[in-house]
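A.B. asks: Using only what follows, build the 3D model:
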Amino acid sequence: MEARSWAPRRQPCPPGIGLLALASLLSCLLTSSQAKVYSRCELARVLKDFGLEGYRGYSLADWICLAYFTSGFNTAAVDHEADGSTNNGIFQISSRKWCKNFTPNVPNQCQMYCSGREAWRHHCQGKDLRDWVDGCDF
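C.D. replies: This is a model prediction of the structure:
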């Protein structure tokens, strides 16, 4: 696989969403015109290639655990909430809590999608997550 360099566009985003913005960016990058359900190790390789291992103190296993419990590694996962908001993609990005929910005329200040991490906090935080990347060949 050929390495590509890229530089993110600088956008005026609210302070304090750096990690959320990264998860959102990855959600956009992992979403293509066709839905994909990643295997555990396949997603781990992609996230490792994007430099997530150790980013802001989160291990690759944290990211894999989050993706599993939010979407089952499915880039097309959509969860509809009672208030009309949606949670979208592999990291289940919340339109109510963060930026855009694919609805016309809804502001998207950062020009990206952002994610809360409730599933990570509930299922992954403070747990031994080594099994999430064990056996993956990097």
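
A.B. asks: quick one: Lys127 from Thr70, how far?
C.D. replies: With distances taken as Cβ to Cβ, to the nearest Å, Lys127 is found 16 Å from Thr70. To be clear about C-beta, it is placed using only N, CA and C from the backbone, and glycine gets the same treatment.

A.B. asks: Tell me which of these two has more neighbours.
C.D. replies: Neighbour count, other Cβ atoms under 10 Å: between Lys127 and Thr70, Thr70 has more, with 24 against 12.

A.B. asks: quick one: contacts for that one?
C.D. replies: Taking Cβ atoms under 8 Å, 6 or more residues apart in numbering as the definition of contact, the neighbours of Thr70 are Ala77, Asn87, Ile90, Phe91, Gln92, Ala119, Trp120.

A.B. asks: Identify, from the residues you listed, the entry nearest to Gly57.
C.D. replies: The nearest member of the contacts of Thr70 to Gly57, counting by Cβ to Cβ, is Trp120 at 12.8 Å.

A.B. asks: just checking, the closest one is part of a helix?
C.D. replies: Yes - Trp120: assigned to a helix according to DSSP: H, G, I helix; E, B strand; the rest coil.

A.B. asks: Hmm, which of the contacts of Thr70 is lowest in pLDDT?
C.D. replies: Least confident of those in the model: Ala119, at 66.

A.B. asks: pretty sure Leu47 is in contact with Ile64, am I right?
C.D. replies: Yes - with contact taken as Cβ atoms under 8 Å, Leu47 and Ile64 are classed as touching, separated by 7.2 Å.

A.B. asks: okay, the two: which has more neighbours?
C.D. replies: Just comparing Leu47 and Ile64: by other Cβ under 10 Å the higher neighbour count belongs to Ile64, 25 against 22.
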